[in-house]
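Enquirer: need a structure here:
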Amino acid sequence: MLFNSYAFLFLFLPITLMGYFFISHKRTQLWFLFFSSVVFYCYWSRTFVFLLLFTVVMDFYLAKAIFWTSSQGKRKALLMLSIVANLSVLGFFKYYNFFAENLNEVATMAGGSSILPALNLILPIGISFYTFQSMSYVIDVYRRTSNAHGHLLEFAGYVTLFPHQISGPLVRHNQIVPQLENPQTYVFNAENFWRGCYFFVFGLSKKMLIADRIAAVVDPLVGNMAMASNTEAWLAMVGYTMQLYFDFSGYSDMAVGLGLMMNIQFPANFMSPYKSRSITEFWQRWHITLSSWLRDYLYISLGGNRAGKIKTYRNLMLTMAIGGLWHGAAWTYVVWGVMHGSLLAVERYFKDRGWYVIRNKYVQWTLTFLFVSVAWVFFRSPNFGVATMWLEKVFFLNGGSYAWDIMLIPTKHKDRFFLMLAVALGAAFMAKNTWQIQFKPSYKNALILAFLFVVCLSFMGEESPFLYFQF
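Expert: From the prediction side, this is the model:
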């Protein structure tokens with residue numbers, strides 16, 4: 001069930017909010033919220049909901065066992081059981097065919113035959129997110145940075161909570177469970193509800209009015225890159241850079257808004273990332289909840305910066321390479337991660353030596369934006385062939401056969417595309433982000449929200465999934 005669908009907006013959400021606040025008993029309200037979240041997931045798959053619930057129950061009781069076990073050896077064994085079980089399930093559904101394809105290719109090159117068969121697997125929706133969220137709780141209990149929660153319902157409510165269930169934000173148990181335990185969470189709060197409506201409608205507008213309008217041109221260009229001109233290759237690159245940001249930050253804003261409507265606070269996931277002047281700063285502003293998760297549970301586990309500078313650089317690159325693979329089972333994602341990891345390591349190297357090669361902030365910003373945009377080419381491309389062809393045209397390496405015409409963009413989309421691209425660039429570079437805007441209750445602001453909502457509804461004729469749903 002998409003947030004930008006009639007079924008969600010006019011059926012699921014009103015019923016959920018009314019049931020959530022009209023039920024007077026806190027425990028029953030939490031049960032209702034959990035049940036609603038399960039129903040939300042069942043809309044995608046009634047089969048895989050059991051996998052989600054299995055993950056919840058398994059990690060809850062493993063964490064409890066770790067908490068009450070004094071033997072360090074047994075605690076570590078229980079932790080490894082959780083990690084292996086979680087990653088095995090994630091790995092099977094998300095990476096089996098990727099592994100089988102590469103293994104079979106190596107075997108064929110060596111003169112043998114295929115070893116593993118390809119399977120017709122369906123990726124359970126949201127598995128990358130809920131696996132990390134559930135697993136982080138077990139790790140925190142093992143590290144003794146958190147106590148084990150006493151009630152399964154609160155933990156289940158945290159993992160399955162429908163606003164962040166599919167594509168984040170990648171929240172932590174200590175951010176959500178205390179709120180679910182607080183009786184005030186279940187009392188209607190007009191200020192939070194208004195703020196939630198603001199986040200939700202602005203997020204919906206980012207998705208429907210900007211990202212989807214840009215996608216109408218970018219997707220055909222990428223799909224026909226062999227025929228694209230150099231100009232169109234640049235437009236596709238910059239367009240996708242904007243499309244992905246407004247699509248994903250739009251979803252995150254909508255999730256934050258839904259949480260606020262129910263008095264549940266989610267952390268910020270984006271803070272104007274394209275204003276960054278370095279890749280280090282970019283990852284402090286882009287998909288913040290994922291980058292902090294990778295830092296706390298992967299980078300630190302690899303040794304962080306505690307084992308010398310060389311290993312610090314290695315850990316940065318490994319963390320980002322694995323982060324790239326987390327996004328999808330393709331080498332293009334790994335290359336995207338390695339590109340970011342390499343530049344993070346280079347920036348760290350320069351910082352360690354006190355070298356500041358480029359001091360002009362506008363040059364810093366320009367180079368950072370160009371690097372991020374070029375890296376997105378690998379992230380978007382279905383294979384290396386398309387990525388190589390795309391970048392050859394971006395950097396004018398296509399054998400001197402340069403073309404400046406804009407032929408592939410249909411006339412009916414051209415004006416709207418350039419308008420929306422200009423709006424997107426202006427908003428990304430100059431406007432405040434949704435967390436910085438003080439959108440206070442007033443008749444004027446209510447009319448603005450109502451107008452944006454109605455305009456979004458006018459574009460809701462065909463299904464338009466969020467880009468991060470595939471991860």
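
Enquirer: For the stretch 251-400 of the chain, which segments count as helices?
Expert: Counting by DSSP state H, counting those that start in this stretch, one finds helices in the stretch 251-400 of the chain at the ranges 279-285, 288-294, 309-327, 331-352, 361-380, 384-394.

Enquirer: How far does the second one sit from its chain's centre?
Expert: Pointing back at helix 288-294 there. Remark: helix 288-294 is offset 10 Å from the chain centroid, using C-alpha atoms, centre = their mean, to the nearest Å.

Enquirer: ok, and what's touching it?
Expert: Residues external to helix 288-294 that are found in contact with it (C-beta atoms under 8 Å, 6 or more residues apart in numbering): 132, 136, 168-171, 267-271, 283-284, 319-320, 322-323, 326. Where C-beta positions appear, they are placed from N, C-alpha and C, glycine not excepted.

Enquirer: cool, the third one as well?
Expert: With contacts defined as C-beta under 8 Å, 6+ apart, helix 309-327 is touched by 95, 128, 290-291, 294-295, 298-299, 302-305, 333-338, 340-342, 344-345, 348-349, 352, 379, 471.

Enquirer: what ranges of the chain fall below the confidence cut-off?
Expert: Under the criterion pLDDT under 70, the flagged ranges of the chain are 400-404, 463, 471.

Enquirer: got the domain boundaries for it?
Expert: Under automatic domain parsing, the residue ranges defining each domain of the chain are 6-188, 192-470.

Enquirer: got CSV for these, with mean neighbour count too?
Expert: Formatted as CSV, the entries for the domains of the chain read as follows, by neighbours: other C-beta atoms under 10 Å:
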stretch, mean neighbour count
domain 6-188, 17
domain 192-470, 18
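
Enquirer: who does the longest helix that the chain contains touch, helix- and strand-wise?
Expert: Of all segments of type helix in the chain, defined using DSSP state H, the longest is helix 72-109. Secondary-structure packing of helix 72-109 (3 or more C-beta pairs under 8 Å, 6 or more residues apart in numbering; DSSP states H and E): helix 49-68, helix 127-142.

Enquirer: quick one: that helix to chain centroid distance?
Expert: Counting by C-alpha atoms, centre = their mean, helix 72-109 comes out at 22 Å from the chain centroid.

Enquirer: That helix relative to helix 331-352, how many degrees between them?
Expert: Per axes from the mean of the first three to the mean of the last three C-alpha atoms, to 10 degrees, the angle that helix 72-109 makes with helix 331-352 is 120 degrees.

Enquirer: The helices and strands packed on helix 72-109 into JSON lines, with extra columns for distance to Leu180?
Expert: As requested, the helices and strands packed on helix 72-109 are arranged in JSON lines below (distance: least, C-beta to C-beta, whole Å):
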{"stretch": "helix 49-68", "distance to Leu180": "14"}
{"stretch": "helix 127-142", "distance to Leu180": "13"}
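
Enquirer: among the ones you listed, which is nearest Leu449?
Expert: The closest approach between Leu449 and any of the helices and strands packed on helix 72-109, judged by C-beta to C-beta, belongs to helix 127-142 at 28.1 Å.

Enquirer: Can I get the following helix or strand past the closest one as CSV, trimmed to CA atoms?
Expert: Using DSSP states H and E, the helix or strand that directly follows helix 127-142 along the chain is helix 152-160. Listed in CSV are the C-alpha atoms of helix 152-160, where the atom choice follows Å, rounded to 0.1, in the frame of the first residue of the first chain:
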residue,chain,number,x,y,z
LEU,A,152,7.2,-8.2,23.3
LEU,A,153,4.4,-6.0,22.2
GLU,A,154,6.4,-2.8,22.5
PHE,A,155,9.3,-4.3,20.5
ALA,A,156,7.0,-5.7,17.9
GLY,A,157,5.3,-2.3,17.6
TYR,A,158,8.7,-0.7,17.0
VAL,A,159,9.9,-3.1,14.3
THR,A,160,6.5,-3.3,12.4
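
Enquirer: for whichever helix or strand comes after helix 152-160, the distance to its chain's centre please.
Expert: Per DSSP H and E, the first helix or strand lying C-terminal to helix 152-160 is helix 173-181. Here helix 173-181 is found 21 Å from its chain centre; the criterion is C-alpha atoms, centre = their mean.

Enquirer: Return the distance of the residue of the chain most remote from its centre relative to Phe248.
Expert: Among the C-alpha atoms of the chain, the one most distant from their mean position (C-alpha atoms, centre = their mean) is that of Gly111, at 40.7 Å. Summarising the geometry, the distance separating Gly111 from Phe248, computed by C-beta to C-beta, to the nearest Å, is 44 Å.
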